[in-house]
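sequence and predicted structure are below.
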Amino acid sequence: MWKISSSTHDCQGASHQHVCPILPSSTASLRNKKAHLLQHGNSVERSCDANPHRRIVEAKIIETALDVVHQTYIECTNKKDGDALASNLTSVKNTVNTMNTTVGGINSHTTSIGDNIVTKINTLSGKADTTNNAINSVGGNVTTINNTVNNINSKVDNISTNIDNSRTLIINNANLNAANSLRLLIEADLATADSSTPLAIFETPAAKGGYLELVRTIVFETIKNLTGATATQANATLASVDSLLAAGKYKAAYAALRKAYKSAAN
């Protein structure tokens, strides 16, 4: 509470009128008005007012009124600030609610996108599984085909081997048959009479495309097989033939082979 001096002076006939100030619009104005009143009260005391107690009472009343006005102003200001704060808080709350709604929408949209992505991934996974199964099936078929081809190749190889063996056998048999046929022809000619005309190819040496050396081999084997002679004895029997061959007397050599053959065969 503001204080006003209560000192008095004995003055005669002094009279002062106090004009109540207009209600101020701020605390600073109230302070200025109160200071004015205090200064006015002191002036009253110094003017030797005839009724100083009356002036003091009036000043106290004004002081009290100003205190009430000041307190009311402070409360009104606080209420105004509180209302502004409440309004701001309401605005913030509304903004937060709006943000929450927006975030909820974003979350819902994000969840929907995520669900769509998961669905598509699952669909792709299913297609990938189907593709893998198809590939595995094709791989199994390829393996079966490869096994079949391998079996065919194995059979072809066996057939080729059999063909080669058959061809070799046929060739060998053909060669054997040819050799046997040729031997039969040679022995038939050796068995004829000495006066008969021999086949010229038998009298011709191999160097000139004939079979004279083969004729000598056949006679040599016949001597060994039929007379029991040793190889040395058979060669000794054919010593005169070898001399004729060395001398180039092929017809005489063949005639000697005829006689040796018939001698061993009789």
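Looks like it came in fine.

tell me the SS of Thr197?
Judged by DSSP: H, G, I helix; E, B strand; the rest coil, the three-state class of Thr197 is coil.

helix, strand or coil for the most centrally placed residue in the chain?
Among the residues of the chain, the one closest to the centroid is Ala128, at 13.5 Å (C-alpha atoms, centre = their mean). Taking three-state DSSP as the rule, one finds Ala128 in the helix state.

low-confidence ranges, this protein, go.
Per-residue confidence of the chain (counting by pLDDT under 70) places the weak regions at 1-52.

do a quick rundown of the helices in it.
Using DSSP state H, the helices of the chain run over 27-46, 52-190, 200-203, 212-227, 231-237, 239-246, 250-265.

helices or strands up against the longest one?
Other helices and strands packing on helix 52-190, by 3 or more C-beta pairs under 8 Å, 6 or more residues apart in numbering; DSSP states H and E, are helix 27-46, helix 212-227, helix 250-265. Backbone N, C-alpha and C define where each C-beta goes, glycine included.

which residues sit against the last one?
The one in question is helix 250-265. 187, 190-192, 194, 198, 202-205, 212, 215-216, 218-219, 222-223, 226-227, 237-238, 240-241, 244-245 (C-beta atoms under 8 Å, 6 or more residues apart in numbering).

any buried residues in it, and which?
The neighbour-count check on helix 250-265 (16 or more other C-beta atoms under 10 Å) flags 250, 252-254, 256-258, 260-262, 264 as buried.

same thing with the second one?
Of the residues in helix 212-227, those scored as buried under the neighbour-count criterion (16+ other C-beta under 10 Å) are 212, 215-216, 218-220, 222-224.

now stretch 89-104
Under the neighbour-count criterion of 16+ other C-beta under 10 Å, stretch 89-104 has nothing buried.

distance between it and the chain's centre?
In this view, stretch 89-104 has its centroid 47 Å away from the chain centroid, taken as C-alpha atoms, centre = their mean, to the nearest Å.

return it as PDB; C-alpha atoms alone will do.
The C-alpha atoms that make up stretch 89-104 are tabulated as PDB, following Å, rounded to 0.1, in the frame of the first residue of the first chain:
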ATOM      1  CA  LEU A  89      -3.100 -23.600 -26.500                       C
ATOM      2  CA  THR A  90      -6.400 -24.400 -28.200                       C
ATOM      3  CA  SER A  91      -4.800 -23.400 -31.600                       C
ATOM      4  CA  VAL A  92      -1.800 -25.600 -30.800                       C
ATOM      5  CA  LYS A  93      -4.100 -28.400 -29.800                       C
ATOM      6  CA  ASN A  94      -6.100 -28.100 -33.000                       C
ATOM      7  CA  THR A  95      -2.900 -28.000 -35.000                       C
ATOM      8  CA  VAL A  96      -1.700 -31.200 -33.200                       C
ATOM      9  CA  ASN A  97      -5.000 -32.900 -33.800                       C
ATOM     10  CA  THR A  98      -4.800 -31.900 -37.500                       C
ATOM     11  CA  MET A  99      -1.200 -33.300 -37.600                       C
ATOM     12  CA  ASN A 100      -2.300 -36.500 -35.900                       C
ATOM     13  CA  THR A 101      -5.100 -36.900 -38.500                       C
ATOM     14  CA  THR A 102      -2.600 -36.300 -41.300                       C
ATOM     15  CA  VAL A 103      -0.100 -38.600 -39.800                       C
ATOM     16  CA  GLY A 104      -2.800 -41.200 -39.400                       C
END
